[in-house]
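> Sequence first, then the predicted structure:
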Amino acid sequence: MLGVPVHLSPPVASPVTGPSLQTSGPICGFPNPAATVTPRQPWGQERVITGNRQTSAAFTDAFVAEDDALRWARDRAREAGLRSVSPGAGAALRLLAAAVDAKAVAEIGTGTGVSGIHLLHGMRPDGVLTTVDTEPEHQQSARQAFRAAGFASNRARFIPGPALDVLPRLADAGYDLVFCDGDRLEYPDYLAESLRLLRPGGLVVFEGVFAHGRTLDSGPQPTEVVRLRELLRTMRESPELVVSLLPVGDGLLCAVKR
Ligand SMILES: C[S@@+](CC[C@H](N)C(=O)[O-])C[C@H]1O[C@@H](n2cnc3c(N)ncnc32)[C@H](O)[C@@H]1O
């Protein structure tokens, strides 16, 4: 990614209108698929920065110790060929859940329960996690992981099914936090549903928005990456949201609903 320096600069802010909406060249700071760039070797200073980033990411992941229940859930995910949130992203989820004093959290993409355990740790002791996944066997592993982590069974509500079928059945303004880690192609739709589900002051969080560097890569990208760029642009431009992109895990895009 550092071999594509032309796209690394942030979008130019206009003093009157805020971030510019360019129609040619990099769009809102993201590469235009038609743009031509010449990769080059990083300068010495860039090598240092890259090294520092890797060290910082490793330190961030090691900073919060994970227990046996989390290790068990990660092992199940690995066996099933699933990604789980990184330890650093998990710690950020705990923090965010605690920061909004979350009593009701909705999660899209239960997986084997790694993110769910982190969220439950950050939530109020009487808080309930509503978690949605298309795969009941993933949820079965998550159920076991939550139990191993010491959470009572009434702390989690497992709903099997596709997120876009399930979310419309959840209550308007009934949630303090919505965490999205399902199908990247559906992220823009999850945003619309999340804004309906959240109370004012609630948080929406999307995992994986860096797409392992592809979001900032000027080469041809799959639709999934195009959707992620659409999501980043929409959220950054929304007057309804206070947004921040946290560089933990594979990129955690967070926003408070005003
Ligand atoms: C990356 S994994 C989630 C990992 C989990 N959040 C964790 O950190 O442990 C993505 C999960 O989303 C589920 N999924 C994929 N598409 C979905 C959809 N349309 N609706 C609900 N769940 C979906 C998959 O079955 C998978 O378990």
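Right, received. Where do you want to start?

> Would you mind giving the secondary structure of Leu177?
Secondary structure assignment for Leu177 (DSSP: H, G, I helix; E, B strand; the rest coil): strand.

> Adjust the sequence numbering to begin at 45 for everything that follows.
Noted, 45 is the first residue going forward, which turns the last one into Leu221.

> Contact partners for it?
140-141, 144, 146, 149-150, 163, 242, 246-249 (C-beta atoms under 8 Å, 6 or more residues apart in numbering). Any C-beta I mention is one placed from the backbone N, CA and C, and that applies to glycine too.

> Tell me the one of those residues nearest Pro131?
Taking C-beta to C-beta as the measure, Pro131 sits nearest to Leu163 out of the contacts of Leu221, at 14.0 Å.

> For the helix or strand where the closest one lies, give the mean pLDDT please.
Here Leu163 sits within helix 158-166, counting by DSSP states H and E. Taken as a whole, helix 158-166 carries a mean pLDDT of 98.

> Repeat that for stretch 215-224.
In the prediction, stretch 215-224 has an average pLDDT of 98.

> And stretch 104-124, by the same measure?
Mean predicted lDDT for stretch 104-124 stands at 95.

> Okay, buried residues for that stretch please.
104-105, 108, 110, 113-114, 116-118, 120-121 (16 or more other C-beta atoms under 10 Å).

> for stretch 257-276, same thing?
Buried-residue list, stretch 257-276, by 16+ other C-beta under 10 Å: 258-262, 265, 268-269, 271-273, 275-276.

> Equivalent analysis for stretch 160-176, please.
By 16+ other C-beta under 10 Å, the buried positions in stretch 160-176 come out as 160-167, 171-176.

> what's the farthest-apart pair in the buried residues of stretch 257-276?
Ser262 and Leu275 (18.7 Å).

> Assign a three-state SS to the residue of the stretch 95-244 of the chain found nearest the ligand, would you?
Nearest residue of the stretch 95-244 of the chain to the ligand: Gly155, at 2.6 Å (C-beta to the nearest ligand atom). Following three-state DSSP, we place Gly155 in the coil state.

> now Ala133
Ala133 ends up helix, using three-state DSSP.

> Name the nearest residue to it, sequence neighbours excluded.
If you skip the residues right next to it in sequence, Ala133 has Gly293 as its closest partner in space, 3.1 Å away by C-beta to C-beta, 6 or more residues apart in numbering.

> and that neighbour, how many neighbours does it have?
25 (other C-beta atoms under 10 Å).

> wait, Gly293 sits on Val129?
Yes. Applying C-beta atoms under 8 Å as the test, Gly293 and Val129 come out as touching, 5.6 Å apart.

> Identify the contacts common to these two.
In contact with both Gly293 and Val129: Glu251, using C-beta under 8 Å, 6+ apart.

> From the contact counts, what lies against the helix holding Leu163?
Secondary-structure packing of helix 158-166 (3 or more C-beta pairs under 8 Å, 6 or more residues apart in numbering; DSSP states H and E): helix 112-124, helix 131-143, strand 148-152, strand 172-177, helix 180-192, strand 219-224.
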